[in-house]
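pasting the sequence and the predicted coordinates here, then a few questions.
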Amino acid sequence: MRPVGVDGDPRDFLAARLAALSASTWEAIAREAFAGALVLETANTRYTFQDATLVLRENAGGDATPIPGTRGLRLIGFLTCLQGLWSFSTAWAPGASAVLVRTDGPSASFFLTSGTLSRMHAAPELPRPRASRPPRLAAPPPPSLTRVIAAPAAPAR
């Protein structure tokens, strides 16, 4: 994982433009798209997210030592190159680079992973809606048994 802008990679330019235009929008979309537990694997690293927030970064050998500065990074999407065109989306494809953002701290920054090899997503279990009953069909009330009696005519004056 490296900060964006380190070596002139074309992905850096795209990420920097996206940052200026729509970081808060992508964070909102990512909260919904990456709800629950998500694990991404690259050739050397395994990233574990909970509700789009990085909670664990393990090396291929299983070493889960905390990496300074990675706490609180949020996954906002993936950069994918298909047929020479770069796209940024919440949809994962093999080889896509995960885009992580830090919005807290002294300055906001983006990070890219190397190409991802696998993705395992366990979305949170949503509460099951209660079964609703169909409306009851009730017979209309019986006609009124009250008798209407005409008032006597008033005397003429």
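Received it, and whenever you're ready, just let me know what you need. Numbers count the residues shown, from 1 in each chain.

ranges for the helices of the protein?
Ranges of helices in the chain, per DSSP state H, are 10-33.

for it, which spans come out with low pLDDT?
The model of the chain has pLDDT under 70 over residues 1-24, 62-69, 71, 104-108, 123-131, 157.

which strand is the longest one in it?
strand 74-82 (DSSP state E).

and Leu82, how far from Gly36?
Distance of Leu82 to Gly36, computed by C-beta to C-beta, to the nearest Å: 27 Å. The C-beta positions use only the backbone N, C-alpha and C, and glycine is treated the same way.

looking at these two now, which is surrounded by more residues?
Legend: neighbour count by other C-beta atoms under 10 Å for Leu82 and Gly36, higher for Gly36 (13 against 10).

need phi/psi at the more buried one.
Dihedral angles of Gly36 (phi, psi; degrees, to the nearest 10) stand at phi 90, psi -160.

does it touch His121 like I think?
Yes: if you go by C-beta atoms under 8 Å, Gly36 and His121 touch, sitting 6.7 Å apart.

what ranges do the strands span in the protein?
Counting by DSSP E, the strands of the chain are 2-3, 37-41, 45-50, 53-59, 74-82, 85-89, 97-102, 109-115, 118-122.

between strand 85-89 and the fifth one, find me the angle.
Taking axes from the mean of the first three to the mean of the last three C-alpha atoms, to 10 degrees, one finds strand 74-82 and strand 85-89 inclined to each other by 150 degrees.

ok, now the third one?
Strand 45-50 and strand 85-89 meet at an angle of 30 degrees, taking the same axes, to 10 degrees as the criterion.

now do strand 45-50 against strand 109-115, angle only.
Going by the same axes, to 10 degrees, strand 45-50 makes 130 degrees with strand 109-115.

do the fourth one as well
Relative orientation of strand 53-59 and strand 109-115, computed by the same axes, to 10 degrees: 40 degrees.

nearest to Arg136, out of the strands of the chain?
Proximity to Arg136 (C-beta to C-beta) singles out strand 118-122 among those, at 40.6 Å.

distance-wise, check the closest residue to Ser118 other than its chain neighbours relative to Thr48.
Using C-beta to C-beta, 6 or more residues apart in numbering and skipping the chain neighbours, the partner closest in space to Ser118 is Glu41 (4.6 Å). Distance, Glu41 to Thr48, using C-beta to C-beta: 10 Å.
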